[in-house]
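**Q** I'd like to go over a predicted model; first the sequence, then the structure.
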Amino acid sequence: MKKLLTLALATLAFTVSAYGADNSLGTWKLNTDKSKYTPGALPLKSLTVVREAAGDGVKVTNTGERPDGAAINTTYTAKYDGSPSPVSGQGSPYDTVSVKQINAGTFSWDAKSSNSKFTSHGRIVVSSDGKTMTMRAKGTDPEGKPVTITLVYDKQ
């Protein structure tokens, strides 16, 4: 009985620590050659994403540039419970985001704008070697037209 209890507690501790891990933390640079946007051209010239641990969630800082030269400089801190969090800064098509952690390398998220018809729902997956992060999403652009996007990032 004592061995069974010890085994159960060890399994629980491993499960909790594995769930609490976050392989998305760090600095990621957009690989525009591997990224896709449908319909049309990728609306990003460059993008660097910094993901930092923040309590039971993540702080995300995005910096980059659009093809027309417009700056992207946004940040948000979201809990992994799926509750909406505000996005601040400039250059983002959405002003709220919610994130859920599925496991150490997989996350789902939703983004919305209160000022346009933009919506997006997607999944972020970090590769098993930790060198690539891929974000796939579907939604509507600010005018309400359907879009599909795949953003591929390289770990810095």
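**A** Nice, I can see it.

**Q** so what's residue 156 up against?
**A** Contacts for residue 156 were tallied using C-beta atoms under 8 Å, 6 or more residues apart in numbering; they are 26-29, 48. The C-beta positions use only the backbone N, C-alpha and C, and glycine is treated the same way.

**Q** how about TSV for the residues you listed, with secondary structure, distance to residue 147 and neighbour count added?
**A** Formatted as TSV, those follow (DSSP: H, G, I helix; E, B strand; the rest coil; distance: C-beta to C-beta, whole Å; neighbours: other C-beta atoms under 10 Å):
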residue	secondary structure	distance to residue 147	neighbour count
26	strand	27	16
27	strand	26	14
28	strand	21	23
29	strand	22	14
48	strand	22	15
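
**Q** okay, the residues you listed in TSV with distance to residue 61 next?
**A** Shown next, in TSV, are the contacts of residue 156 (distance: C-beta to C-beta, whole Å):
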residue	distance to residue 61
26	12
27	9
28	11
29	13
48	8
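
**Q** for the residues you listed, which one is nearest residue 98?
**A** Using C-beta to C-beta, residue 28 is the member of the contacts of residue 156 that lies nearest residue 98, at 20.0 Å.

**Q** What distance do you get for that closest one to residue 134?
**A** Using C-beta to C-beta, to the nearest Å, one gets 10 Å for the distance from residue 28 to residue 134.

**Q** Common neighbours of the two, please.
**A** Counting by C-beta under 8 Å, 6+ apart, the residues touching both residue 28 and residue 134 are residue 153.

**Q** Could you report the neighbour count for the residue nearest to residue 145 when sequence neighbours are not counted?
**A** Once flanking residues are discounted, residue 145 sits nearest to residue 39: 7.8 Å by C-beta to C-beta, 6 or more residues apart in numbering. Using other C-beta atoms under 10 Å, residue 39 has 9 other residues around it.

**Q** pLDDT score for residue 39?
**A** Listed pLDDT for residue 39 reads 95.

**Q** That one contacts residue 149, correct?
**A** No: in this structure residue 39 lies outside contact range of residue 149 using C-beta atoms under 8 Å: 10.7 Å.

**Q** picking up where we left off before, look up how far residue 122 lies from the residue nearest to residue 145.
**A** Residue 39 is 17 Å from residue 122, where distance means C-beta to C-beta.
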